[in-house]
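*Asks:* pasting the structure only:
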């Protein structure tokens, strides 16, 4: 499918694994230049670059740049780097995030909340603030932020994460109203229980806690903690990435200010 974005430039935060790297593959196949970014540089980011480069077509380039989204100066430096290399970013897929502090609400401290907010909510704020001016100059932009099923169907042990992801959806809607007249579109995706390093770590901890295999932990978790997933399995990163790629494209030119759930039926309500 021709997404009509050949020659555009895309930044993918959280780009060294999971949904980020799979989205990068979709985009470089369309001739999009991609910058993969993550908190840490080094071997993981370079391995991701090598993997994505195998999929490049139509002159697409892949670069890497480490940036900690909890630090404003690093986000600004990332924006400056992309402007210098490519003249700015047309597409942002902000996939970086963390589960953050979890547990009984009464046990979570101010610091627990602040740490999650700095990454999951303020990280998105910083990225949007740094890159909207570039999109204004280019008169074209696609900003896709990652929310979660937790925004609609919160889980009691993840209150900071729940609140941040609800905030992401509100932020995206707000910005879609402010900048759509400048041909900059803002949308969210809300994945649920996808095969990513974050859920891998959760399952490894659960397996150790219950003295079972990771595969058994996944099955137990779906049955007992995510019973509304109609498909009864974890989602695959590429199943999310294909939707993101569409939202980045010219074919999605009338999709703005919306949230797309990619959850296998995990949210029980029809109107969540």
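*Replies:* Okay, I see it. Because the structure is predicted, anything quoted here is derived from the model rather than measured.
*Asks:* element containing the closest residue in space to residue 39 that isn't next to it in sequence?
*Replies:* Excluding the flanking residues, the one nearest residue 39 by Cβ to Cβ, 6 or more residues apart in numbering is residue 68, at 4.9 Å. Every residue, glycine included, has its C-beta placed from N, CA and C. Using DSSP states H and E, residue 68 sits in no helix or strand.
*Asks:* give me the number of residues near residue 68?
*Replies:* 18 (other Cβ atoms under 10 Å).
*Asks:* please report how far it lies from residue 13.
*Replies:* From residue 68 across to residue 13, the span is 10 Å (Cβ to Cβ, to the nearest Å).
*Asks:* ok, back up a step: and the residue nearest to residue 39, how close does it get to residue 252?
*Replies:* Counting by Cβ to Cβ - residue 68 and residue 252 are separated by 30 Å.
*Asks:* which of the three states applies to residue 243?
*Replies:* The assignment at residue 243 comes out as helix when based on DSSP: H, G, I helix; E, B strand; the rest coil.
*Asks:* so what pLDDT did it get?
*Replies:* pLDDT recorded at residue 243 is 98.
*Asks:* pretty sure it contacts residue 259?
*Replies:* No. Taking contacts as Cβ atoms under 8 Å, residue 243 lies outside contact range of residue 259: 11.4 Å.
*Asks:* the two: which is more packed in?
*Replies:* Set side by side, residue 243 and residue 259 show more neighbours around residue 243, with 20 against 17, by other Cβ under 10 Å.
*Asks:* which strand in this protein has the most residues?
*Replies:* Once the chain is assigned using DSSP state E, the strand that runs over the most residues is strand 184-191.
*Asks:* what's the following helix or strand after it?
*Replies:* Next helix or strand after strand 184-191 toward the C-terminus (DSSP H and E): helix 197-210.
*Asks:* residue ranges of the strands in this protein, please?
*Replies:* All strands of the chain, identified by DSSP E, fall at 9-13, 33-37, 62-64, 91-94, 141-146, 184-191, 259-262.
*Asks:* now the second one: average pLDDT?
*Replies:* The reference is to strand 33-37. Rounded mean pLDDT across strand 33-37 is 98.
*Asks:* tell me the strands beside it, with direction?
*Replies:* The pairing partners recorded for strand 33-37 under DSSP bridges are strand 9-13 (parallel), strand 62-64 (parallel).
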